[in-house]
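# Model the following, please.
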Amino acid sequence: MTNEVSPPVPLASSQTSGRMARFSEFWFYFSVNKGAVIGFAVLVLLVLIAIFGPLIAPHAPYQQYRDALLTPPSWQVGGKEQFLLGTDAVGRDLLSRLIYGARYSLFIGLIVVTFAMITGVILGVLAGYFRGWVDTLIMRIMDIILAFPPLLLALVLVAILGPGLFNAMIAIALVLQPHFARLTRAAVMSEKNREYVIASKLAGAGHLRLMFKTILPNCLAPLIVQGTLSFSNAILEAAALGFLGMGAQPPTPEWGTMLAEAREFILRAWWVVTFPGLAILITVLAINLVGDGLRDALDPKLKRS
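This next block holds a predicted model:
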């Protein structure tokens, strides 16, 4: 009687199946949170609108129609079908400016979170790994930044650097950076004495390899959640700076700047204030819901519960 030997499973196939299993587990816990699924759908829609904005927008964002100043939405008396959400004080189509504004808001969030995460993670890894005076120096600087209200500190930094979208993004990134640094430090401190780190150290791994190749990949779950929540904070603070005249400058179709331009018309042209405000509200709410879903899916403690 011969024993049949099953053919070996290819390594690439087993790795692929492992990734699919992890993704299926992640999606199961993520989809349990219905709010997160709705937020994800809204976020995907916003990204598509931002990407295909020039094809979707009915008008150019800077084009002015002098015969249609402060035209109400098309469903109101005096509205025009060619301006679905109405026009602003200089006759620019509000819908087109909102569509192009999605590009600016998502771009701001992406750049700010990327910069804040990279610098914050590097500082947090150094503080958590080396401890001692390095940890004390970095964390005291982070504590000083956190001692100020975020918007006030961002305003001071923009006042020093000068008004503008780029300077506003730098200021917001510096304000958000301590959250990543403190989170990374705590995660590295909990991981650095585990067996796999000690084994890598005994195998001759250097400090850089231990910090960024061995320890850091096991600290990514809370950083992903924090990055998502910081994304919404970045959009909100950029809109606040734009509203105060310290962020994107007119005639840039950024939502906060659009609100600033429409302040004086709030009583007689409700649409020029309401729709940019709703755009900010929906975007920030969708991102926060996605962040809650990511926390549910990536936090082992919540999985067990």
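# Which elements pack onto the strand or helix carrying Leu278?
Using DSSP states H and E, the element containing Leu278 is helix 271-298. Applying 3 or more CB pairs under 8 Å, 6 or more residues apart in numbering; DSSP states H and E, we find helix 271-298 packed against helix 11-32, helix 34-51, helix 94-130, helix 220-243, helix 255-262, helix 300-304. C-betas here are computed from N, CA, C, even on glycine.
# Deepest-packed of those, please.
helix 255-262 (a mean of 25; mean count of other CB atoms under 10 Å).
# quick one: average confidence on stretch 260-276?
In this model, stretch 260-276 has an average pLDDT of 90.
# coming back round to it: buried sites along the helix holding Leu278?
For helix 271-298, the neighbour count (16 or more other CB atoms under 10 Å) marks 271-277, 279-280, 283-284, 286-298 as buried.
# ok so, going back, which stretch among the helices and strands packed on helix 271-298 comes nearest Lys201?
Among the helices and strands packed on helix 271-298, the nearest to Lys201 by CB to CB is helix 94-130 (11.3 Å).
# Could you check how far that closest one is from the centre of its chain?
Chain-centre distance of helix 94-130: 6 Å, with CA atoms, centre = their mean, to the nearest Å.
# Compute the inter-axis angle for that helix and helix 255-262.
Relative orientation of helix 94-130 versus helix 255-262 (axes from the mean of the first three to the mean of the last three CA atoms, to 10 degrees): 130 degrees.
# Tell me what angle helix 94-130 forms with helix 34-51.
Inter-element angle recorded for helix 94-130 and helix 34-51: 120 degrees (by the same axes, to 10 degrees).
# coming back round to it: can you add distance to Arg182 and give the helices and strands packed on helix 271-298 back as JSON lines?
Converted to JSON lines, the helices and strands packed on helix 271-298 look like this (distance: least, CB to CB, whole Å):
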{"stretch": "helix 11-32", "distance to Arg182": "25"}
{"stretch": "helix 34-51", "distance to Arg182": "25"}
{"stretch": "helix 94-130", "distance to Arg182": "7"}
{"stretch": "helix 220-243", "distance to Arg182": "10"}
{"stretch": "helix 255-262", "distance to Arg182": "28"}
{"stretch": "helix 300-304", "distance to Arg182": "19"}
